[in-house]
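> sequence first, then the predicted structure, then my questions.
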Protein chains: 2
Amino acid sequence: MARGPPRPARPLGGAARPGRPGEAVWRALLDSLLADWPVEEEGACRMYLTRGSGQDRPPTALAVLAPVPAETIRQRAEGISVVSLGLGVPADFRAAAPWLLGGAKTLSYAVNMAALRHAHRLGADDVVFTSLEGRLLEAPTATVVWASGGTLHTPPLETGILAGTTMARLFARAADDGWPTSVTPGTVDELHAADAVWLLSGVRGAATVHTLDGVRRGDGGLSARVQDLLCR
Amino acid sequence: MARGPPRPARPLGGAARPGRPGEAVWRALLDSLLADWPVEEEGACRMYLTRGSGQDRPPTALAVLAPVPAETIRQRAEGISVVSLGLGVPADFRAAAPWLLGGAKTLSYAVNMAALRHAHRLGADDVVFTSLEGRLLEAPTATVVWASGGTLHTPPLETGILAGTTMARLFARAADDGWPTSVTPGTVDELHAADAVWLLSGVRGAATVHTLDGVRRGDGGLSARVQDLLCR
């Protein structure tokens, strides 16, 4: 999958607010990074906006461009083995418990990384978190999407998961392409029964789940269409 | 409560391991910090040991001495208002789910800080986390201790909470002093019914809970004895 530098999840610079750099600042920053970047190498760019270094100091805009790790490219091409791990929380609990920071990216970094390390010890590449009742939530840094009955499915945000921007892009383009989409509470059993399962994230894109809790599974030939939609 | 610099939770330098600084290194580091410290000001010292700056580089020992915040001293002297917040996880779940990092200090920093901000919005100083069934767990940076029936109580570690070193010191000295101690599963209702409730942590010491979920409560005159035991 050849791709240019990833598109930002939101318009560059966000809403116009005092002190925030506008799109021109971000574009200039990216142009300076890309000037020396080898055209044949895939890079991932992360853009940061700080609160500024002190009182009345403007925010600092920062962009870091780095090669996409070989392991990420391998997982995108060959698919991934995933284990389901319980998060221990009822599916409807986090929506009413803002102090648990459900949906706040990177803030549960330590637990996310510990879950990935646990998966690696089990010989798997990634994790699907489940609620206390066994409802599907999300992966540590990706959104769960599955195909069944001719429809693309993803779990509801009310479970406290992050609103995945890559999933949103896929669903918008699938709908334009005549592929129905649905926000669906699901279980690990429903993933086992699905035609295909993917973990979606910005840099890796759609990683096909070829093994779930040790059980091999297919993708019904649907991964090519998903990856094509994401590349449009 | 006048106290010197806090004692380390474990013997300085820990177990003798290759590359780890010994007690003499830590002592010299502390002495250099204390040389210019005003004797009338209470300070808190945090000691860090890194993994080293690279392959085959020795660990770096770091100590930071800073004044104890006035708010911490106020809370120690005047007591605190606490709200109970659900962590959403069954009391026995975290012990079998190492990826949730129960008991790993600072690793759940973001949720702990979000819970404190939530408490502040409610007009409270601190939080007691409860399990999904309403069992007592811990505070974001402190251990829950309560007195009832002539005994000091604290929740079991099997709930995934941090083993509090200040609580351990209090319990050891209380036992020596003839005050029975017990590891007891408790509920918020049992805190309401208790003779006294404290949150115990290294710098603040024993903070008396004078308000729990908006309900004023006393300490049965027991806080003086707890603070005396901690100062021994």
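Structure received.

> A:Arg135 contacts A:Val188, correct?
No. Using Cβ atoms under 8 Å as the test, A:Arg135 is too far from A:Val188 to be in contact (9.2 Å). From N, CA and C alone the C-beta is placed, and that goes for glycine too.

> who's more crowded, these two?
A:Arg135 (20 against 17; other Cβ atoms under 10 Å in any protein chain shown).

> helix, strand or coil for the closest residue to the more buried one other than its chain neighbours?
In space, and not counting its chain neighbours, A:Arg135 is closest to A:Ala91: 4.2 Å by Cβ to Cβ, 6 or more residues apart in numbering or on different chains. The three-state assignment at A:Ala91 reads coil, by DSSP: H, G, I helix; E, B strand; the rest coil.

> please apply the same query to A:Trp146.
Here A:Trp146 takes the strand state, with states given by three-state DSSP.

> measure how buried the closest residue to it other than its chain neighbours is and give me the count.
Of all residues not flanking A:Trp146 in the chain, A:Ala194 sits nearest, at 4.1 Å (Cβ to Cβ, 6+ apart). By other Cβ under 10 Å, 23 other residues sit near A:Ala194.

> cool, and A:Gln55?
A count of nearby residues for A:Gln55, using other Cβ under 10 Å, gives 5.

> pLDDT value on it, please?
On pLDDT, A:Gln55 comes in at 73.

> ok, now A:Cys231?
Looking at A:Cys231, its pLDDT is 92.

> chain A: strands as residue ranges?
Applying DSSP state E to chain A gives strands spanning A:43-49, A:61-67, A:80-86, A:126-130, A:143-148, A:151-154, A:181-183, A:196-201, A:205-212, A:215-216.

> return the most buried member of those strands.
Neighbour counts (mean count of other Cβ atoms under 10 Å in any protein chain shown) averaged over each of the strands of chain A peak at strand A:196-201, with a mean of 26.

> if we can go back for a sec, residues in contact with the residue nearest to A:Arg135?
Contacts for A:Ala91 were tallied using Cβ atoms under 8 Å, 6 or more residues apart in numbering or on different chains; they are A:Ser131, A:Leu132, A:Glu133, A:Arg135, A:Leu137, A:Glu158, A:Thr159, A:Pro185.

> surely the second one and B:Leu132 touch.
By that I understand A:Leu132. Yes. With contact defined as Cβ under 8 Å, A:Leu132 reaches B:Leu132; the gap is 7.3 Å.

> what do those two both touch?
Common neighbours of A:Leu132 and B:Leu132, using Cβ under 8 Å, 6+ apart, are A:Val89, A:Pro90, B:Val89, B:Pro90.

> who are the contact partners of A:Glu133?
Applying Cβ under 8 Å, 6+ apart, we find A:Glu133 in contact with A:Pro90, A:Ala91.

> how near is it to chain B?
Distance of A:Glu133 to chain B, given as Cβ to the nearest Cβ, to the nearest Å: 11 Å.

> same check on A:Leu65?
24 Å.

> tally of neighbours for A:Met113?
By the criterion of other Cβ under 10 Å, A:Met113 has 15 neighbours.

> tell me the contacts of it?
A:Pro140.

> tell me the pLDDT of it.
Note for A:Met113: predicted pLDDT of 89.

> over to A:His192?
pLDDT at A:His192 comes out at 98.

> wait, isn't it in contact with A:Val215?
Yes. Look at A:His192 against A:Val215 with Cβ under 8 Å: they come within range, at 6.5 Å.

> once you drop chain neighbours, what's closest to A:Pro98?
Excluding its sequence neighbours, the residue lying closest to A:Pro98 (Cβ to Cβ, 6+ apart) is B:His118, at 6.5 Å.

> same thing with A:Phe93?
Take A:Phe93 and drop its neighbours on the chain: the residue closest to it by Cβ to Cβ, 6+ apart is B:Gly88, 4.0 Å away.

> and A:Pro38, how many neighbours?
A:Pro38 is flanked by 8 other residues according to other Cβ under 10 Å.

> how far away is it from chain B?
Distance, A:Pro38 to chain B, using Cβ to the nearest Cβ: 27 Å.

> from A:Arg94, how far off is A:Arg135?
Look at A:Arg135 and A:Arg94: by Cβ to Cβ, to the nearest Å, they are 12 Å apart.

> so what does A:Asp195 look like in phi/psi?
Per-residue torsions, A:Asp195: phi -70, psi -30 (degrees, to the nearest 10).

> tell me how far the closest residue to it other than its chain neighbours lies from chain B.
Spatial nearest neighbour of A:Asp195, excluding adjacent residues (Cβ to Cβ, 6+ apart): A:Gly220 at 3.8 Å. Separation of A:Gly220 from chain B (Cβ to the nearest Cβ) stands at 30 Å.

> can you give me the neighbour number for A:Gly220?
Neighbour count of A:Gly220, defined by other Cβ under 10 Å: 12.

> verify the contact between it and A:Ala147 for me.
Yes. With contacts counted by Cβ under 8 Å, A:Gly220 reaches A:Ala147, the gap being 6.8 Å.

> please enumerate the shared neighbours of these two.
A:Asp195, A:Ala196.

> ok, back up a step: show me what contacts the residue nearest to A:Phe93?
B:Gly88 is in contact with A:Gly88, A:Val89, A:Pro90, A:Phe93, A:Arg94, A:Ala97, A:Leu100, B:Leu132, counting by Cβ under 8 Å, 6+ apart.
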